[in-house]
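S.K.: sequence-free structure coming up:
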């Protein structure tokens with residue numbers, strides 16, 4: 001594994017790429033700090049396995065779900081929450097400013 005500073009890498013890019021083609025790995029340094037690793041490209045994907053789609057036997061189609069009917073009015077809850085926040089903001093602004101209402 002060869003270590004190369006950025007300036008040297010830029011100045012001799014073609015020769016460094018030839019080394020990579022031959023199988024050598026390069027570490028690019030920026031002020032002695034490694035910032036990149038250049039490795040040869042592998043045509044075959046190593047470690048990557050692609051599976052074919054499995055056929056389902058219709059299990060999902062047989063599932064039945066009960067419809068969700070919440071016993072509460074969601075819109076009403078949202079309005080109450082916003083009203084509480086507006087009232088809190090109004091009380092905070094009251095001593096210092098006039099409200100926006």
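M.R.: Thanks, I have the structure now. A quick note: this is a predicted structure, and the numbers were derived from the prediction, not measured.

S.K.: how many neighbours does residue 16 have?
M.R.: 19 (other CB atoms under 10 Å). Just so you know, the C-beta spots here come from the backbone N, C-alpha and C atoms, and that holds for glycine as well.

S.K.: Kindly confirm my reading that it is in a strand.
M.R.: No: applying DSSP: H, G, I helix; E, B strand; the rest coil, one finds residue 16 to be helix, outside a strand.

S.K.: Wait, it touches residue 9, no?
M.R.: Yes: between residue 16 and residue 9 there is a contact under CB atoms under 8 Å: 5.8 Å.

S.K.: Find the residues that touch each one of the two.
M.R.: Contact criterion CB atoms under 8 Å, 6 or more residues apart in numbering; residues shared by residue 16 and residue 9: residue 26.

S.K.: If you rank every helix and strand of the chain by mean pLDDT, what lands last?
M.R.: Least confident helix or strand of the chain, by mean pLDDT, DSSP states H and E, is helix 59-62 with a mean of 72.

S.K.: Would you mark the buried spots in it?
M.R.: Of the residues in helix 59-62, none count as buried by neighbour count, 16 or more other CB atoms under 10 Å.

S.K.: How about stretch 67-87?
M.R.: So stretch 67-87, judged by 16+ other CB under 10 Å, has zero buried residues.

S.K.: can you give me how far it is from the chain middle?
M.R.: With CA atoms, centre = their mean, to the nearest Å as the basis, stretch 67-87 stands 33 Å off its chain's centre.

S.K.: Repeat that for stretch 31-48.
M.R.: That offset, for stretch 31-48, works out to 21 Å (CA atoms, centre = their mean).

S.K.: can you check stretch 54-67 too?
M.R.: Taking mean C-alpha positions (CA atoms, centre = their mean), stretch 54-67 and its chain are 31 Å apart.

S.K.: gap between residue 28 and residue 15?
M.R.: 14 Å (CB to CB, to the nearest Å).

S.K.: In contact with residue 88, which residues?
M.R.: Contact analysis of residue 88 by CB under 8 Å, 6+ apart lists nothing.
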